[in-house]
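*Asks:* Here is my input; please provide its structure:
(one chain, ligands or ions: 1)
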Amino acid sequence: MIDLVFADESIVLRPTVVRVDIRALEHNFRMLRSLVGKTRVMATVKANAYGHGLVRTAQEFLRLGADELGVAFLEEGIVLRKAGVTAPILVLGGIIGNQIAHFLEYDLQITASSVLKIRQIDETAAALGRRAQVHLKIDTGMGRIGVRPESAPALFDAAVEAKHCDIRGVFTHFSASHAADPGFTRMQLERFLEATRYFERHSLPMPLRHAANSAAVLQHPEAILDMVRPGIMLYGVYPSAETRRTVELRPALSFLTRVVYFKSIPAGAPLGYDHTWVAPVGTRIVTLPVGYGDGYSRKLSNNADVLIHGKRYPVVGMISMDQCMVDIGGDSAFNGDEVVLIGRQGEECITVEEIAERIGTIPYEVLTSIGHRVPREYIA
Ligand SMILES: *Cc1c(COP(=O)(O)O)cnc(C)c1O
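*Replies:* Just a heads-up that it's a prediction; the model follows:
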């Protein structure tokens, strides 16, 4: 069964698609459960669910047993609420004062990362006659948002005084849990646990303590605590080459297109902008209706393979905004033939890691770069 999801009806006929394998999501969620047991799970679905399509992917994770969802921005939370998602949603990123009313209106949990912000949240909640659900953010070494451990007691004091706020959670984020060396992560975890002892010392109920991203779930079981916030592993991709592969994950995403044009060219014929590639011998070229405007990076020009009929062929010439070319040598291909940019075809496979390595980035960026004009389809 294939479901199509598209922002705009007009792109439904596009031959370029992201295909998401729901069974792979299920498998990865089972693997997560094998590591965390009954611990609460906040499935991280920011950035269009790492390119997999925000709403449908979030719904699948909830169906599979995720307890909460994590997003980066207010707008992502609002999209989920408007789609009818009722599960708790935490916006993990920083907030700006005038957003708070919208958090309350859409029942989104707020990250409070300073004394000033907790006071702003409390004032807005009081003015609107609502209660705010907050998670307090401690910066144990990431250096992005949150108070440093020595300032945590002041943040906690302010949160306890904030009469219109429920302190649902307290959390931190690891900056190197994907590394081979566990030292920094252990130090961050220690700082975090020490800060949260505040609640015991003051005989206050302990909020949900959460810290573990995918890499910590995979290789730092001591960081699982009361809730985990996995992202990339749920999509079947390991956080880094160094991360220990303690469970087997299955990539859920394929990036597919189809041949839209076929031609033979003579030796010496240049191809594409700036003629960065000139045919060394007479050959056959197919054109694909996909380009950097879809997130197929221009850095892959003359620097990637695609799969056609289960065989690898090189991308030649500059990738344009909406098109690119492939040299199929003496082979043949027809208009409409399927082409795999990322994914499996027959015995061959092009992984997200391969693409990331070729362009000097990490799998996260490859996945989240695939654009909104590419329709997402789901197979079960
Ligand atoms: C993105 C993010 C996660 C998930 O990270 P993965 O490495 O994809 O598992 C968890 N927590 C926070 C705060 C994040 O920003």
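
*Asks:* For whichever residue of the stretch 101-250 of the chain sits closest to the ligand, report the pLDDT, please.
*Replies:* Nearest residue of the stretch 101-250 of the chain to the ligand: Gly231, at 2.5 Å (CB to the nearest ligand atom). C-beta here means a position set from N, CA and C on the backbone, and glycine is covered the same way. Gly231 carries a pLDDT value of 98.

*Asks:* Show the contacting residues for it.
*Replies:* Neighbouring residues of Gly231 by CB atoms under 8 Å, 6 or more residues apart in numbering: 43-46, 50, 70, 213-214.

*Asks:* of those, buried ones?
*Replies:* 43-46, 50, 70, 213-214 (16 or more other CB atoms under 10 Å).

*Asks:* didn't Cys165 look like it was pressed against Ile121?
*Replies:* Yes: using CB atoms under 8 Å, Cys165 is in contact with Ile121, at 6.0 Å.

*Asks:* Between those two, which contacts overlap?
*Replies:* Joint contacts of Cys165 and Ile121 (CB under 8 Å, 6+ apart) are 112, 132, 134.

*Asks:* ranking those residues by neighbours, who comes first?
*Replies:* With neighbours defined as other CB atoms under 10 Å, the most crowded of the shared contacts of Cys165 and Ile121 is Ala112; it has 30 neighbours.

*Asks:* which residues does that residue contact?
*Replies:* For Ala112, the contact set (CB under 8 Å, 6+ apart) comprises 118, 121, 134-137, 155, 159, 165.

*Asks:* How about Met233?
*Replies:* Contact analysis of Met233 by CB under 8 Å, 6+ apart lists 28, 31-32, 214, 217-218, 239, 249.

*Asks:* Tell me the secondary structure at it.
*Replies:* Assigned by DSSP: H, G, I helix; E, B strand; the rest coil, the conformation of Met233 is helix.

*Asks:* Do you have the helices of the protein handy? List them.
*Replies:* Secondary structure of the chain (DSSP state H): helices at 22-36, 46-50, 54-64, 74-82, 100-105, 115-128, 152-161, 183-201, 214-219, 352-358, 363-369.

*Asks:* for those, which one sits closest to Ala279?
*Replies:* Closest to Ala279 of the helices of the chain is helix 352-358 (CB to CB; 22.1 Å).

*Asks:* and that closest one, how far from the chain's centre?
*Replies:* Averaging C-alpha positions (CA atoms, centre = their mean, to the nearest Å) puts helix 352-358 16 Å from its chain's average.

*Asks:* Next, the buried residues of it.
*Replies:* Along helix 352-358, these residues count as buried under the neighbour rule (16+ other CB under 10 Å): 352-353, 355-356.

*Asks:* can you check stretch 122-138 too?
*Replies:* For stretch 122-138, a neighbour-count test (16+ other CB under 10 Å) marks 122, 124-125, 132-138 as buried.

*Asks:* for stretch 323-336, same thing?
*Replies:* By neighbour count with 16+ other CB under 10 Å, stretch 323-336 contains the buried residues 323-328, 333.

*Asks:* Export these as CSV, with columns for pLDDT and distance to the ligand.
*Replies:* What follows is these, written out as CSV (pLDDT from 0 to 100; distance: CB to the nearest ligand atom, whole Å):
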residue, pLDDT, distance to the ligand
Gln323, 98, 32
Cys324, 98, 29
Met325, 98, 34
Val326, 98, 31
Asp327, 98, 36
Ile328, 98, 36
Ala333, 97, 36
